[in-house]
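Chemist: okay, here's the prediction I keep looking at, along with the sequence it came from:
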Amino acid sequence: MAILTKAPRGTQDILPKDSFQWRFLETVTMETAALFGFKEIRTPTFEHTELFCRSVGDTTDVVQKEMYTFTDKGNRSVTLKPEGTAGAVRAAVEHSLLADALPVKVSYLTSCFRYEKPQAGRLREFHQFGVEMLGSKSPSADAEVIGLANEIFSVLGVKHLALELNSIGCPECRPKYHKALKEYFESRKDELCETCLSRLETNPMRILDCKSPVCSAIAKDAPVVLDFICDECKEHFDGVKARLDSMGIAYTVNPRIVRGLDYYTKTVFEFVTSQIGAQGTVCGGGRYDGLVEELGGAKTPGLGFAMGLERLLLLLAAQENELPAPRPCELYIASIGDAANIKAGELCARLRSEGFYVECDTMERSVKAQMKYANKIGAKMSMVLGDSELESGKAALKDMDTGESAEVSLGDELTQRLYDAGLARATSALTDQIGDAQLLTLLGQDPISE
Ligand code: ATP
Ligand code: MG
(Lines give C-alpha, C1' and ligand atoms only; values in the text may rest on other atoms or scores of the structure.)
(Ligands and ions follow the chains in the order given, each with its own letter.)
Protein backbone atom coordinates (compact mmCIF):
# COMPACT_ATOMS: atom_id res chain seq x y z
CA MET A 1 0.00 0.00 0.00
CA ALA A 2 1.61 3.18 -1.22
CA ILE A 3 0.00 5.09 1.59
CA LEU A 4 2.05 3.10 4.10
CA THR A 5 5.37 3.36 2.31
CA LYS A 6 5.23 6.92 1.02
CA ALA A 7 5.45 10.07 3.12
CA PRO A 8 2.65 12.63 2.54
CA ARG A 9 3.15 14.90 -0.49
CA GLY A 10 5.27 17.92 0.31
CA THR A 11 7.01 16.33 3.29
CA GLN A 12 10.56 15.02 3.51
CA ASP A 13 12.38 12.45 5.57
CA ILE A 14 15.76 13.59 6.77
CA LEU A 15 17.83 10.43 6.66
CA PRO A 16 20.89 9.54 8.76
CA LYS A 17 23.21 10.26 5.81
CA ASP A 18 21.95 13.86 5.66
CA SER A 19 20.91 14.69 9.19
CA PHE A 20 24.38 15.87 10.21
CA GLN A 21 23.99 18.73 7.73
CA TRP A 22 20.80 19.79 9.47
CA ARG A 23 22.42 19.56 12.86
CA PHE A 24 25.26 21.69 11.55
CA LEU A 25 22.92 24.39 10.21
CA GLU A 26 20.90 24.33 13.41
CA THR A 27 24.05 24.78 15.47
CA VAL A 28 25.52 27.56 13.32
CA THR A 29 22.27 29.53 13.23
CA MET A 30 21.46 29.23 16.93
CA GLU A 31 25.03 29.78 18.14
CA THR A 32 25.59 32.78 15.92
CA ALA A 33 22.30 34.26 17.16
CA ALA A 34 23.49 33.64 20.72
CA LEU A 35 26.47 35.91 20.04
CA PHE A 36 23.91 38.67 19.37
CA GLY A 37 22.05 37.93 22.60
CA PHE A 38 19.18 35.87 21.17
CA LYS A 39 17.92 33.07 23.41
CA GLU A 40 15.90 30.10 22.26
CA ILE A 41 12.11 30.05 22.58
CA ARG A 42 9.97 26.97 21.85
CA THR A 43 6.28 27.39 21.20
CA PRO A 44 3.56 24.85 20.33
CA THR A 45 3.25 23.27 16.90
CA PHE A 46 -0.38 24.33 16.73
CA GLU A 47 -2.15 27.47 17.88
CA HIS A 48 -5.68 28.85 17.88
CA THR A 49 -6.51 29.57 14.24
CA GLU A 50 -7.50 33.10 15.19
CA LEU A 51 -3.90 33.90 16.12
CA PHE A 52 -2.74 33.55 12.51
CA CYS A 53 -5.80 35.25 11.01
CA ARG A 54 -5.05 38.24 13.22
CA SER A 55 -1.29 38.38 12.78
CA VAL A 56 -0.47 37.00 9.33
CA GLY A 57 -3.61 38.68 7.99
CA ASP A 58 -6.74 37.12 6.57
CA THR A 59 -6.25 38.53 3.09
CA THR A 60 -2.85 36.86 2.70
CA ASP A 61 -2.25 33.70 0.68
CA VAL A 62 -1.00 32.01 3.82
CA VAL A 63 -4.31 32.43 5.62
CA GLN A 64 -6.61 32.20 2.62
CA LYS A 65 -5.10 29.17 0.94
CA GLU A 66 -2.23 27.57 2.78
CA MET A 67 -3.13 26.87 6.40
CA TYR A 68 -3.48 23.39 7.88
CA THR A 69 -6.56 24.12 9.92
CA PHE A 70 -8.73 21.54 11.64
CA THR A 71 -11.33 21.26 14.34
CA ASP A 72 -10.11 19.28 17.33
CA LYS A 73 -12.21 16.92 19.41
CA GLY A 74 -13.18 19.79 21.71
CA ASN A 75 -14.63 21.60 18.69
CA ARG A 76 -11.92 24.30 18.64
CA SER A 77 -10.37 25.49 15.41
CA VAL A 78 -6.61 25.00 15.58
CA THR A 79 -3.90 25.49 12.95
CA LEU A 80 -0.45 23.99 12.48
CA LYS A 81 1.88 26.96 12.54
CA PRO A 82 2.59 28.35 9.08
CA GLU A 83 5.35 30.60 10.46
CA GLY A 84 7.10 31.29 13.75
CA THR A 85 6.50 34.94 14.57
CA ALA A 86 2.88 34.78 15.73
CA GLY A 87 3.52 32.04 18.31
CA ALA A 88 6.67 33.71 19.62
CA VAL A 89 4.93 37.07 20.04
CA ARG A 90 1.88 35.42 21.61
CA ALA A 91 4.17 33.66 24.12
CA ALA A 92 6.02 36.90 24.90
CA VAL A 93 2.71 38.61 25.68
CA GLU A 94 1.26 35.67 27.59
CA HIS A 95 4.32 35.32 29.83
CA SER A 96 4.97 39.07 30.23
CA LEU A 97 8.45 38.83 28.73
CA LEU A 98 8.10 42.46 27.77
CA ALA A 99 8.02 43.47 31.43
CA ASP A 100 11.67 42.36 31.71
CA ALA A 101 14.73 44.05 30.29
CA LEU A 102 14.17 45.25 26.74
CA PRO A 103 14.77 44.39 24.01
CA VAL A 104 13.47 40.84 24.22
CA LYS A 105 15.49 38.74 21.77
CA VAL A 106 14.36 35.22 20.94
CA SER A 107 15.46 32.66 18.37
CA TYR A 108 13.89 29.41 17.23
CA LEU A 109 14.10 26.40 14.95
CA THR A 110 10.71 25.14 13.91
CA SER A 111 8.71 23.10 11.45
CA CYS A 112 6.19 25.19 9.49
CA PHE A 113 3.18 23.90 7.61
CA ARG A 114 1.64 25.38 4.48
CA TYR A 115 -0.63 23.69 1.99
CA GLU A 116 1.27 24.73 -1.15
CA LYS A 117 2.10 23.13 -4.47
CA PRO A 118 5.25 21.15 -3.69
CA GLN A 119 8.29 21.89 -5.85
CA ALA A 120 12.03 22.43 -5.35
CA GLY A 121 12.40 24.67 -2.31
CA ARG A 122 8.67 24.63 -1.58
CA LEU A 123 7.26 22.01 0.75
CA ARG A 124 4.19 21.50 2.88
CA GLU A 125 6.24 20.87 5.97
CA PHE A 126 9.40 22.96 5.92
CA HIS A 127 11.82 24.25 8.51
CA GLN A 128 12.73 27.72 9.58
CA PHE A 129 15.37 29.30 11.71
CA GLY A 130 14.02 32.62 12.91
CA VAL A 131 14.55 35.44 15.38
CA GLU A 132 12.28 38.06 16.90
CA MET A 133 13.38 41.23 18.68
CA LEU A 134 10.77 43.12 20.65
CA GLY A 135 10.87 46.56 22.24
CA SER A 136 13.08 48.71 20.01
CA LYS A 137 11.90 51.16 17.39
CA SER A 138 15.45 52.22 16.58
CA PRO A 139 16.98 51.60 13.16
CA SER A 140 19.93 50.12 15.04
CA ALA A 141 17.68 47.15 15.85
CA ASP A 142 16.91 46.66 12.16
CA ALA A 143 20.62 46.79 11.38
CA GLU A 144 21.37 44.27 14.12
CA VAL A 145 18.77 41.78 12.92
CA ILE A 146 19.84 42.10 9.28
CA GLY A 147 23.46 41.92 10.45
CA LEU A 148 22.72 38.61 12.17
CA ALA A 149 21.30 37.03 9.01
CA ASN A 150 24.28 38.34 7.11
CA GLU A 151 26.72 36.95 9.68
CA ILE A 152 25.13 33.50 9.51
CA PHE A 153 25.56 33.44 5.74
CA SER A 154 29.13 34.53 6.07
CA VAL A 155 29.96 31.88 8.72
CA LEU A 156 28.49 29.31 6.32
CA GLY A 157 30.52 30.72 3.45
CA VAL A 158 27.41 31.31 1.32
CA LYS A 159 28.02 33.50 -1.70
CA HIS A 160 25.83 35.27 -4.25
CA LEU A 161 23.02 36.02 -1.88
CA ALA A 162 21.70 39.53 -2.46
CA LEU A 163 20.08 41.60 0.26
CA GLU A 164 17.05 43.50 -0.98
CA LEU A 165 15.61 46.18 1.22
CA ASN A 166 12.45 48.26 1.27
CA SER A 167 10.26 50.29 3.56
CA ILE A 168 6.53 49.71 3.34
CA GLY A 169 5.52 52.56 5.61
CA CYS A 170 3.37 52.71 8.71
CA PRO A 171 -0.32 53.22 9.54
CA GLU A 172 0.30 56.97 9.12
CA CYS A 173 1.41 56.89 5.50
CA ARG A 174 0.08 53.54 4.28
CA PRO A 175 -3.52 54.77 3.65
CA LYS A 176 -2.20 57.30 1.14
CA TYR A 177 -0.32 54.56 -0.66
CA HIS A 178 -3.33 52.23 -0.55
CA LYS A 179 -5.41 54.96 -2.17
CA ALA A 180 -2.90 55.43 -4.98
CA LEU A 181 -2.65 51.66 -5.52
CA LYS A 182 -6.40 51.31 -5.55
CA GLU A 183 -6.75 54.01 -8.15
CA TYR A 184 -4.11 52.37 -10.31
CA PHE A 185 -5.55 48.84 -10.06
CA GLU A 186 -9.15 50.11 -10.51
CA SER A 187 -8.08 51.30 -13.92
CA ARG A 188 -7.08 47.74 -14.88
CA LYS A 189 -9.77 45.98 -12.95
CA ASP A 190 -11.00 43.65 -15.71
CA GLU A 191 -7.54 42.07 -16.08
CA LEU A 192 -7.02 41.15 -12.40
CA CYS A 193 -7.56 37.61 -11.07
CA GLU A 194 -10.56 36.95 -8.87
CA THR A 195 -8.60 36.93 -5.62
CA CYS A 196 -7.00 40.26 -6.48
CA LEU A 197 -10.39 41.77 -7.26
CA SER A 198 -11.41 41.18 -3.68
CA ARG A 199 -7.99 42.35 -2.46
CA LEU A 200 -8.64 45.62 -4.28
CA GLU A 201 -11.24 46.42 -1.64
CA THR A 202 -9.63 44.88 1.42
CA ASN A 203 -5.87 45.10 0.96
CA PRO A 204 -4.57 46.44 -2.38
CA MET A 205 -0.91 45.97 -1.39
CA ARG A 206 -1.48 42.20 -1.53
CA ILE A 207 -1.99 42.46 -5.30
CA LEU A 208 1.72 43.32 -5.57
CA ASP A 209 2.44 39.88 -4.10
CA CYS A 210 0.12 37.93 -6.42
CA LYS A 211 1.91 35.09 -8.18
CA SER A 212 -0.37 35.07 -11.26
CA PRO A 213 1.64 36.24 -14.30
CA VAL A 214 -1.08 38.65 -15.43
CA CYS A 215 -1.43 40.36 -12.05
CA SER A 216 2.34 40.56 -11.57
CA ALA A 217 2.71 42.13 -15.04
CA ILE A 218 0.12 44.76 -14.11
CA ALA A 219 1.79 45.28 -10.74
CA LYS A 220 5.07 46.20 -12.47
CA ASP A 221 3.77 49.66 -13.31
CA ALA A 222 1.99 50.27 -10.01
CA PRO A 223 2.97 53.28 -7.86
CA VAL A 224 5.91 52.50 -5.56
CA VAL A 225 5.64 52.75 -1.82
CA LEU A 226 8.85 54.71 -1.29
CA ASP A 227 7.21 57.71 -3.01
CA PHE A 228 4.52 57.72 -0.32
CA ILE A 229 6.19 57.04 3.02
CA CYS A 230 6.05 59.74 5.72
CA ASP A 231 9.02 61.65 7.11
CA GLU A 232 9.35 59.40 10.14
CA CYS A 233 9.44 56.25 8.00
CA LYS A 234 11.89 57.87 5.64
CA GLU A 235 14.17 58.91 8.46
CA HIS A 236 14.00 55.41 9.90
CA PHE A 237 14.82 53.88 6.53
CA ASP A 238 17.78 56.25 6.11
CA GLY A 239 18.96 55.22 9.59
CA VAL A 240 18.86 51.54 8.63
CA LYS A 241 20.74 52.15 5.40
CA ALA A 242 23.41 54.28 7.10
CA ARG A 243 24.07 51.50 9.60
CA LEU A 244 24.24 48.78 6.96
CA ASP A 245 26.67 50.98 5.03
CA SER A 246 28.87 51.40 8.07
CA MET A 247 28.81 47.63 8.69
CA GLY A 248 29.85 47.04 5.09
CA ILE A 249 26.67 45.07 4.33
CA ALA A 250 25.76 45.48 0.67
CA TYR A 251 22.08 45.82 -0.29
CA THR A 252 19.86 47.10 -3.04
CA VAL A 253 16.68 49.02 -2.38
CA ASN A 254 13.84 47.16 -4.08
CA PRO A 255 10.58 49.13 -3.74
CA ARG A 256 8.62 46.08 -5.01
CA ILE A 257 9.16 43.90 -1.95
CA VAL A 258 5.99 43.76 0.16
CA ARG A 259 6.36 40.31 1.80
CA GLY A 260 3.60 37.77 2.11
CA LEU A 261 2.50 38.50 5.67
CA ASP A 262 0.41 41.49 6.68
CA TYR A 263 2.05 42.41 9.95
CA TYR A 264 5.04 44.21 8.43
CA THR A 265 5.63 47.96 8.81
CA LYS A 266 8.59 50.11 7.74
CA THR A 267 11.61 47.92 6.98
CA VAL A 268 11.17 44.71 4.98
CA PHE A 269 14.02 42.69 3.50
CA GLU A 270 14.86 39.50 1.68
CA PHE A 271 18.06 37.61 0.98
CA VAL A 272 17.65 36.28 -2.56
CA THR A 273 19.61 34.03 -4.87
CA SER A 274 19.19 32.93 -8.48
CA GLN A 275 21.09 29.67 -7.88
CA ILE A 276 18.29 27.42 -6.58
CA GLY A 277 15.55 27.97 -9.12
CA ALA A 278 12.30 29.85 -8.77
CA GLN A 279 12.08 29.72 -4.97
CA GLY A 280 15.03 32.03 -4.49
CA THR A 281 14.16 33.79 -1.22
CA VAL A 282 16.29 32.14 1.42
CA CYS A 283 15.48 34.59 4.21
CA GLY A 284 12.72 37.14 4.66
CA GLY A 285 11.89 39.52 7.44
CA GLY A 286 11.14 42.99 8.61
CA ARG A 287 9.63 45.23 11.23
CA TYR A 288 6.16 44.70 12.69
CA ASP A 289 5.49 47.62 15.02
CA GLY A 290 1.76 46.94 15.39
CA LEU A 291 1.82 43.19 15.98
CA VAL A 292 2.28 43.00 19.75
CA GLU A 293 -0.64 45.36 20.28
CA GLU A 294 -2.73 43.49 17.70
CA LEU A 295 -2.19 40.32 19.77
CA GLY A 296 -3.31 41.94 23.00
CA GLY A 297 -0.02 43.26 24.40
CA ALA A 298 1.05 46.81 25.14
CA LYS A 299 2.06 48.88 22.11
CA THR A 300 5.57 47.55 21.44
CA PRO A 301 7.68 47.74 18.29
CA GLY A 302 9.27 44.56 16.99
CA LEU A 303 11.04 42.93 14.09
CA GLY A 304 12.52 39.65 12.95
CA PHE A 305 13.31 37.30 10.11
CA ALA A 306 12.94 33.67 9.13
CA MET A 307 15.28 31.56 7.02
CA GLY A 308 14.06 28.56 5.09
CA LEU A 309 16.50 25.79 5.99
CA GLU A 310 15.63 23.61 2.98
CA ARG A 311 16.44 26.50 0.66
CA LEU A 312 19.63 27.25 2.56
CA LEU A 313 20.74 23.61 2.15
CA LEU A 314 19.89 23.72 -1.56
CA LEU A 315 22.06 26.80 -1.88
CA LEU A 316 24.96 25.26 0.03
CA ALA A 317 24.71 22.21 -2.25
CA ALA A 318 24.53 24.38 -5.40
CA GLN A 319 27.71 26.14 -4.29
CA GLU A 320 29.34 22.80 -3.46
CA ASN A 321 29.96 24.14 -0.03
CA GLU A 322 31.49 21.38 2.02
CA LEU A 323 29.86 20.97 5.39
CA PRO A 324 31.89 19.40 8.17
CA ALA A 325 31.68 15.60 8.00
CA PRO A 326 30.04 13.74 10.84
CA ARG A 327 32.34 12.36 13.49
CA PRO A 328 33.73 8.96 12.42
CA CYS A 329 33.92 5.86 14.57
CA GLU A 330 37.16 6.10 16.52
CA LEU A 331 37.68 2.45 17.41
CA TYR A 332 36.13 -0.82 16.30
CA ILE A 333 36.73 -3.72 18.69
CA ALA A 334 36.35 -7.04 16.85
CA SER A 335 36.08 -10.24 18.80
CA ILE A 336 36.44 -13.98 18.30
CA GLY A 337 34.22 -16.06 20.56
CA ASP A 338 31.78 -15.27 23.29
CA ALA A 339 34.21 -14.40 26.08
CA ALA A 340 36.01 -11.92 23.81
CA ASN A 341 32.70 -10.42 22.75
CA ILE A 342 31.79 -9.84 26.40
CA LYS A 343 35.18 -8.17 26.96
CA ALA A 344 34.66 -6.01 23.83
CA GLY A 345 31.32 -4.84 25.22
CA GLU A 346 32.96 -3.98 28.54
CA LEU A 347 35.72 -1.98 26.82
CA CYS A 348 33.18 -0.15 24.67
CA ALA A 349 31.23 0.89 27.73
CA ARG A 350 34.35 2.20 29.42
CA LEU A 351 35.61 4.12 26.39
CA ARG A 352 32.20 5.61 25.63
CA SER A 353 31.99 6.94 29.14
CA GLU A 354 35.33 8.63 28.33
CA GLY A 355 33.66 10.29 25.36
CA PHE A 356 35.00 8.11 22.53
CA TYR A 357 32.90 6.79 19.67
CA VAL A 358 33.51 3.00 19.68
CA GLU A 359 31.67 -0.01 18.34
CA CYS A 360 31.89 -3.78 18.68
CA ASP A 361 30.10 -6.74 17.14
CA THR A 362 26.38 -7.06 17.87
CA MET A 363 25.62 -9.27 14.85
CA GLU A 364 27.54 -12.45 15.73
CA ARG A 365 29.63 -12.06 12.59
CA SER A 366 32.91 -13.74 11.67
CA VAL A 367 36.00 -11.68 12.38
CA LYS A 368 36.42 -11.11 8.64
CA ALA A 369 32.88 -9.77 8.34
CA GLN A 370 33.43 -7.63 11.43
CA MET A 371 36.47 -5.99 9.85
CA LYS A 372 34.52 -5.40 6.66
CA TYR A 373 31.94 -3.58 8.75
CA ALA A 374 34.67 -1.57 10.52
CA ASN A 375 35.89 -0.43 7.11
CA LYS A 376 32.41 0.40 5.97
CA ILE A 377 31.73 2.70 8.92
CA GLY A 378 35.14 4.34 8.43
CA ALA A 379 36.56 3.35 11.82
CA LYS A 380 39.85 5.15 12.49
CA MET A 381 41.34 2.32 14.53
CA SER A 382 40.56 -1.30 15.22
CA MET A 383 41.64 -4.22 17.37
CA VAL A 384 40.79 -7.90 17.46
CA LEU A 385 40.20 -9.69 20.77
CA GLY A 386 40.56 -13.47 21.02
CA ASP A 387 41.59 -15.93 23.71
CA SER A 388 45.25 -14.87 23.74
CA GLU A 389 44.36 -11.17 24.07
CA LEU A 390 42.05 -11.96 26.96
CA GLU A 391 44.82 -13.89 28.64
CA SER A 392 47.57 -11.30 28.17
CA GLY A 393 45.33 -8.28 28.67
CA LYS A 394 46.95 -6.75 25.56
CA ALA A 395 45.95 -6.37 21.93
CA ALA A 396 47.27 -4.88 18.69
CA LEU A 397 45.77 -1.45 18.07
CA LYS A 398 45.65 -0.89 14.33
CA ASP A 399 45.50 2.44 12.54
CA MET A 400 43.02 1.76 9.73
CA ASP A 401 44.50 4.45 7.46
CA THR A 402 48.18 3.50 7.61
CA GLY A 403 47.75 -0.16 8.51
CA GLU A 404 50.34 0.29 11.28
CA SER A 405 49.71 -1.47 14.54
CA ALA A 406 51.19 -1.43 18.02
CA GLU A 407 50.50 -3.52 21.09
CA VAL A 408 48.68 -1.83 23.97
CA SER A 409 47.37 -2.99 27.30
CA LEU A 410 43.60 -2.97 27.48
CA GLY A 411 43.60 -0.75 30.58
CA ASP A 412 44.51 2.93 30.80
CA GLU A 413 47.10 2.59 28.05
CA LEU A 414 44.34 2.06 25.48
CA THR A 415 42.53 5.22 26.56
CA GLN A 416 45.80 7.14 26.50
CA ARG A 417 46.58 5.90 22.98
CA LEU A 418 43.22 7.10 21.72
CA TYR A 419 43.86 10.53 23.22
CA ASP A 420 47.37 10.54 21.76
CA ALA A 421 45.98 9.72 18.33
CA GLY A 422 44.18 13.05 18.43
CA LEU A 423 40.84 11.39 19.08
CA ALA A 424 40.48 13.47 22.21
CA ARG A 425 37.21 13.31 24.01
CA ALA A 426 34.72 15.64 22.40
CA THR A 427 31.22 15.97 23.76
CA SER A 428 30.21 17.48 20.45
CA ALA A 429 32.57 17.46 17.52
CA LEU A 430 30.19 19.78 15.68
CA THR A 431 30.18 22.37 18.41
CA ASP A 432 33.97 22.36 18.30
CA GLN A 433 33.91 22.96 14.59
CA ILE A 434 31.51 25.88 14.92
CA GLY A 435 33.81 27.33 17.53
CA ASP A 436 36.69 27.10 15.06
CA ALA A 437 34.60 28.39 12.18
CA GLN A 438 33.56 31.43 14.15
CA LEU A 439 37.06 32.03 15.35
CA LEU A 440 38.33 31.95 11.77
CA THR A 441 35.59 34.33 10.71
CA LEU A 442 36.58 36.69 13.49
CA LEU A 443 40.15 36.46 12.23
CA GLY A 444 38.89 37.37 8.78
CA GLN A 445 39.60 33.98 7.22
CA ASP A 446 37.24 31.90 5.17
CA PRO A 447 36.19 29.10 7.54
CA ILE A 448 34.87 26.76 4.89
CA SER A 449 37.85 26.63 2.55
CA GLU A 450 40.21 26.41 5.50
P1 ATP B 1 7.59 32.64 -0.89
O2 ATP B 1 7.44 33.97 -1.53
O3 ATP B 1 8.75 31.84 -1.44
O4 ATP B 1 6.32 31.86 -0.83
P5 ATP B 1 7.09 33.66 1.72
O6 ATP B 1 7.08 35.11 1.51
O7 ATP B 1 5.80 32.94 1.78
O8 ATP B 1 8.03 32.93 0.63
P9 ATP B 1 7.91 33.79 4.49
O10 ATP B 1 6.56 33.57 4.98
O11 ATP B 1 8.52 35.12 4.67
O12 ATP B 1 8.01 33.32 2.96
O13 ATP B 1 8.89 32.69 5.10
C14 ATP B 1 10.26 32.92 5.32
C15 ATP B 1 11.13 31.92 4.57
O16 ATP B 1 10.65 30.59 4.75
C17 ATP B 1 11.09 32.08 3.06
O18 ATP B 1 11.99 33.10 2.67
C19 ATP B 1 11.55 30.72 2.60
O20 ATP B 1 12.96 30.60 2.69
C21 ATP B 1 10.91 29.82 3.59
N22 ATP B 1 9.65 29.24 3.06
C23 ATP B 1 8.43 29.82 2.99
N24 ATP B 1 7.52 28.98 2.50
C25 ATP B 1 8.17 27.81 2.25
C26 ATP B 1 7.79 26.53 1.75
N27 ATP B 1 6.53 26.26 1.43
N28 ATP B 1 8.74 25.58 1.62
C29 ATP B 1 10.03 25.82 1.96
N30 ATP B 1 10.44 26.99 2.45
C31 ATP B 1 9.54 27.98 2.60
MG1 MG C 1 4.67 31.85 0.38
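Modeler: Yep, that arrived. Ligands and ions are numbered 1, 2, ... in the order given.

Chemist: mind telling me what element the residue positioned nearest the centre of the chain is part of?
Modeler: The centroid of the chain falls nearest to residue 129 when counting by C-alpha atoms, centre = their mean (3.1 Å). Assigned by DSSP states H and E, residue 129 belongs to strand 125-134.

Chemist: across the sheet, point out what pairs with whichever residue of the stretch 1-150 of the chain sits closest to ligand 1.
Modeler: The stretch 1-150 of the chain approaches ligand 1 most closely through residue 126 (3.4 Å), counting by C-beta to the nearest ligand atom. To be clear about C-beta, it is placed using only N, CA and C from the backbone, and glycine gets the same treatment. Applying DSSP bridges to residue 126 yields these beta-bridge partners: residue 112.

Chemist: tally of neighbours for it?
Modeler: The burial count assigned to residue 126 is 22, neighbours taken as other C-beta atoms under 10 Å.

Chemist: residue contacts, the residue nearest to the centre of the chain?
Modeler: Listed by C-beta atoms under 8 Å, 6 or more residues apart in numbering, the contact partners of residue 129 are 25, 26, 29, 30, 107, 108, 109, 152, 306, 307, 309.

Chemist: hmm, try it at 10 Å
Modeler: Residues near residue 129 by C-beta atoms under 10 Å, 6 or more residues apart in numbering: 25-26, 28-30, 32-33, 84, 107-110, 149, 152, 283, 305-309, 312.

Chemist: repeat that for residue 302.
Modeler: Applying C-beta under 10 Å, 6+ apart to residue 302 gives the contacts 85, 88-89, 92, 98, 103-104, 132-137, 141, 263, 265, 287-293.

Chemist: pick out the residue in this protein sitting closest to ligand 1.
Modeler: Closest residue of the chain to ligand 1, C-beta to the nearest ligand atom: residue 308 (2.3 Å).

Chemist: wait, doesn't that residue sit right on residue 282?
Modeler: Yes: with contacts counted by C-beta atoms under 10 Å, residue 308 reaches residue 282, the gap being 6.2 Å.

Chemist: overlap of the contact sets of those two?
Modeler: When contacts are counted by C-beta under 10 Å, 6+ apart, the set common to residue 308 and residue 282 consists of 121, 314, 315.

Chemist: residues in contact with the nearest residue to residue 336 once chain neighbours are set aside?
Modeler: Excluding its sequence neighbours, the residue lying closest to residue 336 (C-beta to C-beta, 6 or more residues apart in numbering) is residue 386, at 4.1 Å. Contact partners of residue 386, counting by C-beta under 10 Å, 6+ apart, are 334, 335, 336, 337, 339, 340, 343, 367, 395.

Chemist: who does residue 163 form a beta bridge with?
Modeler: Bridge pairing for residue 163 - DSSP bridges - gives residue 271.

Chemist: out of the shared contacts of residue 308 and residue 282, who has the most neighbours?
Modeler: residue 315 (24 neighbours).

Chemist: keep only those of the shared contacts of residue 308 and residue 282 that are also close to ligand 1.
Modeler: With C-beta under 6 Å from any ligand atom as the criterion, the shared contacts of residue 308 and residue 282 include residue 121 near ligand 1.

Chemist: pretty sure the residue of the stretch 1-150 of the chain closest to ligand 1 sits against residue 10.
Modeler: Yes: contact between residue 126 and residue 10 holds when scored by C-beta under 10 Å: they sit 8.6 Å apart.
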